[in-house]
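A.B. asks: I would like to see how this sequence folds:
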Amino acid sequence: MKMYDTPQPVERYLNVELECDCGRVHYAPIKAINISKGALESLPGYVAEYGYKKPYILCDRITYEIAGKRCEELLKSAGFQPVVLIIRHLGFDEATLGEIVLNKPDDCDLMIGVGTGSITDMLRFSSFKLGLPCFTVATGAPMDGFSASVGIMNVNNLKATMPAHSTEVIIGDTDVLKSAPYRMTIAGFADLVAKLNALNDWHLGVLITGDHYCKKIDELVKAYVNDILGKAEAIKARDPKAIGDVMNALLLTGASISLYGSSRPISGAEHHMSHYWEVLGEQRGKPFAMHGEQVAVGTVMALSVVEELSRLQPDFQKAREAAKQFDYAAWETNIRRTYGNASDAIIDLEKSSGKNDPVLWLKRLDVIEENWAEIRKMLNSVYPAQKLRALLKDLGCPCDPKDIGITESVLKDTFMVCKETRARYTVYQLACDLGVMDVISDKIIAGLKQQNAV
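C.D. replies: Numbering: from 1, shown residues only. Just a heads-up that it's a prediction; the model follows:
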């Protein structure tokens, strides 16, 4: 079947192979999505329809009370014998995986996650490692990972993207979702609008490093994000339909990871900032904020860098000299200072990707100089940072570093080293390639200090 020419409802992309002009076959192996009032009651029907008999339910203490207990009751009433694990190791790391594996019944044939981001990630990763299918019951809409085909977990003190299953069935009962803390819904909204920068970063990667590109996936993600931008007031009013729309948009953007084959269309520099803050939060024993909130702040910061670059007339000769003089030893020392016990993973990534290799750096500068007019035009077309900041502020979402406890010194380090968390071209790599990230970040931080925002 041919890939649709125009964006479609999320259901039309599920469990069907779509041949695309981009050269790829897009496929999201999700069988059903039910986002509706009373959707929780449909869980036993899906379990029976797909032939499963021994469900293993994963939740934490809070999500068990919100929906896990009801899932257990519904399944028992339908003749199933579910086993429930209330996860105690909430670091969502190797220990969590061990707890899930050790408590898995030998005859389990289906895993069901009840919760949001971290539980969903651990569900999809652990089910992948155990060779079992999985369902998701969402208790809030704070992020786009429900329908993703990768999982995020802490490995060796660093947030790592791991291969994982896509969940077969996703259930979001709007009676449950609307009762979730408003903060969760706004975090989900923020994770969606972050795509405004992520798509721009993708375009930069296509132009500068030759990344693969799919116009239809680009247009699909953009259409859902623009639709949600127009519903901000309804979301602020806690309208159940608008909250359902947020959930559907999150599912579509998450499913685009499966459709495209990577998270490239939906994750850029703003996520790199969040990943770095998660590393620091892990080391201090307390996260700065929810993922979507961190991404919200990261998106405003990334768009601020975009705007500074759009006004720049680069000194390409100076940039080339900086590339030639790259000091790997000094770089490694700084990585060990800023990443702490996660630094080995960052150094290993650099060894495999060569992001800072002077030869590759110089090649990128040649491409950047040749295409600077087009790049500047691209940068000028991105959503304005202050407009997004005002929108997020009106909704009550963190939008400034101080809102999530990011100090001036941490923000400076973030600007300078967060690109190292992934081997992916973004606006931050562009600023570093041009040798201007130090100056631009100082200018942005000075402006934030004037606003008392850092």
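A.B. asks: from I368, how far off is I375?
C.D. replies: Taking Cβ to Cβ, to the nearest Å as the measure, I375 falls 7 Å from I368. All C-beta atoms are positioned from the backbone trio N, CA, C, and that covers glycine.
A.B. asks: where does this structure dip in pLDDT?
C.D. replies: The chain contains residues with pLDDT under 70 at 149-151, 153-160.
A.B. asks: what are the boundaries of the strands in it?
C.D. replies: 18-19, 25-26, 32-36, 55-59, 83-86, 110-115, 134-138, 150-155, 158-163, 169-173 (DSSP state E).
A.B. asks: go through those and name the closest to S381.
C.D. replies: When these are compared by Cβ to Cβ, strand 25-26 sits nearest S381, at 25.5 Å.
A.B. asks: each with direction, which strands does that closest one pair with?
C.D. replies: strand 18-19 (antiparallel) (DSSP bridges).
A.B. asks: residues making contact with the partner strand?
C.D. replies: Outside strand 18-19, the residues that touch it by Cβ atoms under 8 Å, 6 or more residues apart in numbering are M1, K2, M3, Y4, V25, H26, Y27, L259.
A.B. asks: what's the answer for stretch 87-101, then?
C.D. replies: 58-60, 85, 118-119, 121-122, 125-126, 129-130, 153-155, 282.
A.B. asks: top of the residues you listed by number of neighbours, please.
C.D. replies: L58 (30 neighbours; other Cβ atoms under 10 Å).
A.B. asks: the residue nearest to that one when sequence neighbours are not counted bridge partners, please.
C.D. replies: Leaving aside its sequence neighbours, L58 sits nearest to G113 (Cβ to Cβ, 6 or more residues apart in numbering; 4.9 Å). Taking DSSP bridges, one obtains L58, T136 as the residues bridged to G113.
A.B. asks: what distance do you get for P384 to R337?
C.D. replies: P384 is 34 Å from R337, by Cβ to Cβ.
A.B. asks: got it, and P142?
C.D. replies: On the measure of Cβ to Cβ, P142 and R337 end up 32 Å apart.
A.B. asks: now do the contacts for the most centrally placed residue in the chain.
C.D. replies: The residue lying closest to the centre of the chain (Cα atoms, centre = their mean) is S267, at 5.6 Å. By Cβ under 8 Å, 6+ apart, the contact set of S267 is A198, R424.
A.B. asks: same deal with the one 5 residues further on?
C.D. replies: With contacts taken as Cβ under 8 Å, 6+ apart, H272 has the following neighbours: G298, C418, K419, T421, R422, R424, T426, Y428.
A.B. asks: just the residues you listed: which are in helices?
C.D. replies: Of the positions in the contacts of H272, G298, Y428 sit in helices, assigned by DSSP state H.
A.B. asks: from the contacts of H272, which two are the most distant?
C.D. replies: Longest span within these, Cβ to Cβ: G298 and R424, 14.1 Å.
A.B. asks: looking at these two, which one has more neighbours?
C.D. replies: With neighbours defined as other Cβ under 10 Å, G298 and R424 compare such that G298 has more, 28 against 24.
A.B. asks: distance check, the more buried one against C432.
C.D. replies: 16 Å.
A.B. asks: before we move on, the earlier item: a markdown table for the strands of the chain, including distance to L362?
C.D. replies: Below are the strands of the chain laid out as a markdown table (distance: least, Cβ to Cβ, whole Å):
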| stretch | distance to L362 |
| --- | --- |
| strand 18-19 | 38 |
| strand 25-26 | 35 |
| strand 32-36 | 47 |
| strand 55-59 | 49 |
| strand 83-86 | 53 |
| strand 110-115 | 47 |
| strand 134-138 | 46 |
| strand 150-155 | 32 |
| strand 158-163 | 29 |
| strand 169-173 | 46 |
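A.B. asks: coming back round to it: of the contacts of strand 18-19, which count as buried by neighbour count?
C.D. replies: M3, H26, Y27, L259 (16 or more other Cβ atoms under 10 Å).
A.B. asks: widest-spaced pair of those residues?
C.D. replies: Counting by Cβ to Cβ, the most remote pair of these is M3 and Y27, 10.5 Å apart.
A.B. asks: all helices for the stretch 301-450 of the chain, in order.
C.D. replies: All helices of the stretch 301-450 of the chain, identified by DSSP state H, counting those that start in this stretch, fall at 316-324, 328-339, 343-353, 358-370, 372-380, 385-395, 408-417, 427-433, 437-450.
A.B. asks: packing partners for the shortest one?
C.D. replies: It refers to helix 427-433. helix 195-209, helix 269-284, helix 291-310, helix 358-370, helix 437-450 (3 or more Cβ pairs under 8 Å, 6 or more residues apart in numbering; DSSP states H and E).
A.B. asks: still on that earlier bit, now for I375 and I368: what residues contact both?
C.D. replies: I208, L430.
A.B. asks: coming back round to it: Throw the buried ones among the contacts of strand 18-19 into JSON lines and include distance to A180, thanks.
C.D. replies: JSON lines is the format used below for these (distance: Cβ to Cβ, whole Å):
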{"residue": "M3", "distance to A180": "34"}
{"residue": "H26", "distance to A180": "31"}
{"residue": "Y27", "distance to A180": "30"}
{"residue": "L259", "distance to A180": "27"}
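A.B. asks: of the residues you listed, closest to K402?
C.D. replies: Distances from K402 to those, taken by Cβ to Cβ, are shortest for L259, at 37.2 Å.
A.B. asks: need the contact list for the nearest residue to the closest one once chain neighbours are set aside.
C.D. replies: Among residues not flanking L259 along the chain, H26 sits closest, at 4.1 Å (Cβ to Cβ, 6+ apart). Counting by Cβ under 8 Å, 6+ apart, H26 touches M3, Y13, E17, L18, C20, C214, I217, L259, Y260.
A.B. asks: measure H26 to P55 for me?
C.D. replies: 30 Å.
A.B. asks: what of E408?
C.D. replies: Taking Cβ to Cβ, one finds E408 at 49 Å from P55.
A.B. asks: please parse the protein into its domains.
C.D. replies: Using automatic domain parsing, the domain ranges for the chain come out as 28-179, 268-397+411-450.
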